[in-house]
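**Q** just coords:
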Ligand code: S3P
């Protein structure tokens, strides 16, 4: 079966930039779930949150994740950057773990906030709420991960190297 490494972690943990670099290093394909959602749903993530709320977004996210996972050919290695909340949906976790491994990128919340504070992420509008959510999410990330990578003080390239090593060990 195709090797799949799914990167999980809070907003601003570097899932997309690390994933892109790790995929390049491995010669695997890179897929960004947030981007797939926007393309396949034909709407931006802020628009989906505004129109359907977070619960509606989670349903769409789960559905598109299922499509993405099902469309990976049997012989192709894929690094998949998840959204920050993907692993809060139990069916999403089941799907991912049946096809590969989940690697959690742990990041200090201060670093994460600095990366996303000026973005349009619906769940990063207030620093206080962001920090509370980060605390709540941590146990979910730890519980659902096969591997934890501590990214504190590392560059995206250094984290990508670790992810690539983890990916190679699993093939
Ligand atoms: C979310 C994280 C976002 C995006 C959506 C919800 C979350 O992805 O999926 O805004 O619940 O943490 P990133 O982690 O890529 O920013």
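**A** Thanks, I have it. Only a predicted model underlies this, so the values are computations on that prediction, with no experimental measurement involved.
**Q** near the ligand at all, the helix or strand hosting residue 110?
**A** For residue 110, the element it lies in under DSSP states H and E is helix 109-116. No: with C-beta under 6 Å from any ligand atom as the criterion, the ligand is not reached by helix 109-116; the gap is at least 6.6 Å. All C-beta spots, glycine's among them, are computed from the backbone N, C-alpha and C.
**Q** quick check: angle from the helix or strand just after that helix to helix 109-116?
**A** Next along the chain after helix 109-116, taking DSSP H and E as the criterion, comes helix 127-144. Comparing the axes of helix 127-144 and helix 109-116 via axes from the mean of the first three to the mean of the last three C-alpha atoms, to 10 degrees yields an angle of 110 degrees.
**Q** contact partners of helix 127-144?
**A** Helix 127-144 is contacted from outside by 8-11, 84-85, 87-88, 93, 102, 104, 106, 109, 112-113, 116-117, 123-124, 148, using C-beta atoms under 8 Å, 6 or more residues apart in numbering.
**Q** follow-up on the earlier one: the helix holding residue 110: which residues count as buried?
**A** 109, 112, 113, 116 (16 or more other C-beta atoms under 10 Å).
**Q** Stretch 88-108 now?
**A** Here stretch 88-108 shows 88, 92-93, 95-96, 99-108 as buried, counting by 16+ other C-beta under 10 Å.
**Q** Name the nearest of these relative to the ligand.
**A** residue 88 (7.2 Å; C-beta to the nearest ligand atom).
**Q** Quick check: pLDDT value at that closest one.
**A** You'll see residue 88 listed with a pLDDT of 98.
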